[in-house]
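S.K.: Sequence plus predicted model, see below.
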Amino acid sequence: MIGLIAAMNSEINAVTAKMNEVKITKVGNVEFREGQLQDEQIVIALSGVGKVNAAIASTLMCHLYPIDALLSIGVAGGLQDEQEVGDLVISDAAIQVDFDTSALDGPSGIGMKFDADLNLVNRAKQVAQKTNLKWRVGTVATQDLFLTSKEDYEYLMSRFSQAACNEMEGASVAQVATSFHVPFLILRTLSDVVTHEGNPVEFETFEKQAALQVADFFEEFCKKGE
């Protein structure tokens with residue numbers, strides 16, 4: 001069974017529309033939808049936005065369901081000039097970029113990093129190579145902040161210049177998965193690019209489209225032999 005965490009209604013609905021025999025369960029404020037997608041049994045949770053919400057949903061999922069892998073899917077903001085709306089980012093790692101104990105631990109206290117499962121990364125790459133999407137393998141930056149200001153962007157890139165996208169859940173999912181010894185992967189389609197003028201407008205315009213794209217990609221991911 002594959003477990004998925006999605007933050008927003010548009011993201012979970014895009015996947016649910018492709019599932020068969022959907023069973024809905026709610027635990028606390030977290031809604032779980034269990035069913036069949038292509039050749040995989042999956043369960044997807046609507047976590048809500050932000051690191052704490054993602055951690056709650058991920059912990060419940062790892063405790064309640066016999067998942068073999070945990071994926072965080074959805075949309076993100078691109079961080080590199082050459083990126084475009086609709087691009088796909090496959091995580092090689094996730095970093096909690098707003099984790100900072102450097103006052104006590106020095107430079108090693110900046111950020112908390114988790115490496116994605118190599119088999120899941122390779123599986124996603126094989127699917128990506130068969131699509132028309134522009135994609136890259138890269139590091140996902142997670143923080144409780146939607147990047148809108150030049151100052152916040154420059155601060156992030158001064159510390160994590162290799163980051164491919166910024167979002168608000170992935171590294172929390174990664175931390176929980178690591179704690180439960182469950183392989184993880186993050187898939188993000190870009191709904192906006194931070195360096196583009198009118199970044200918030202891009203998000204409002206393309207968020208639903210990007211959610212549909214990542215759902216289409218995950219459907220291909222669920223086909224046996226991919």
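M.R.: Thanks, I have the structure now. Residues are numbered from 1 along each chain as shown.
S.K.: From here on, just use CA atoms for contacts and neighbour counts.
M.R.: Noted.
S.K.: Please tell me how far the residue sitting furthest away from the middle of the chain sits from Lys113.
M.R.: Centroid-distance maximum for the chain: Leu104 at 30.0 Å, with C-alpha atoms, centre = their mean. Using C-alpha to C-alpha, to the nearest Å, one gets 18 Å for the distance from Leu104 to Lys113.
S.K.: By residue count, which strand of this structure is the longest?
M.R.: Longest strand of the chain, by residue count under DSSP state E: strand 88-100.
S.K.: Now do that strand: distance to the chain's middle.
M.R.: Relative to its chain's centre, strand 88-100 lies at 9 Å (C-alpha atoms, centre = their mean, to the nearest Å).
S.K.: Direction included, what does it pair up with?
M.R.: Using DSSP bridges, the strands paired with strand 88-100 are strand 110-115 (antiparallel), strand 135-142 (parallel), strand 184-193 (antiparallel).
S.K.: All the strands of this protein, in order from the start?
M.R.: Using DSSP E, strands in the chain cover 2-6, 20-27, 30-37, 40-46, 69-78, 88-100, 110-115, 135-142, 163-167, 184-193.
S.K.: circling back: and among the strands paired with strand 88-100, the most buried is which?
M.R.: Most buried of these, by mean neighbour count (mean count of other C-alpha atoms under 10 Å): strand 184-193, with a mean of 29.
S.K.: what pLDDT, on average, does it get?
M.R.: Regarding strand 184-193, the rounded mean pLDDT is 90.
S.K.: again with stretch 196-203
M.R.: pLDDT averaged over stretch 196-203 gives 60.
S.K.: what residue ranges in the chain score low on pLDDT?
M.R.: 197-206, 225-226 (pLDDT under 70).
S.K.: So what's the residue count around the nearest residue to Val182 once chain neighbours are set aside?
M.R.: Closest residue to Val182 apart from its sequence neighbours, by C-alpha to C-alpha, 6 or more residues apart in numbering: Ala69 at 5.7 Å. Counted with other C-alpha atoms under 10 Å, residues neighbouring Ala69 total 19.
S.K.: Output the strands paired with strand 88-100 in JSON lines; the columns should cover distance to Lys26.
M.R.: Formatted as JSON lines, those follow (distance: least, C-alpha to C-alpha, whole Å):
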{"stretch": "strand 110-115", "distance to Lys26": "29"}
{"stretch": "strand 135-142", "distance to Lys26": "26"}
{"stretch": "strand 184-193", "distance to Lys26": "23"}
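S.K.: Could you name the stretch from these that's closest to Glu167?
M.R.: Ranking those by proximity to Glu167 (C-alpha to C-alpha) places strand 135-142 first, at 5.1 Å.
S.K.: got the contact list for the closest residue to Ser102 other than its chain neighbours?
M.R.: Among residues not flanking Ser102 along the chain, Gly109 sits closest, at 4.4 Å (C-alpha to C-alpha, 6+ apart). Contact analysis of Gly109 by C-alpha atoms under 8 Å, 6 or more residues apart in numbering lists 99-103.
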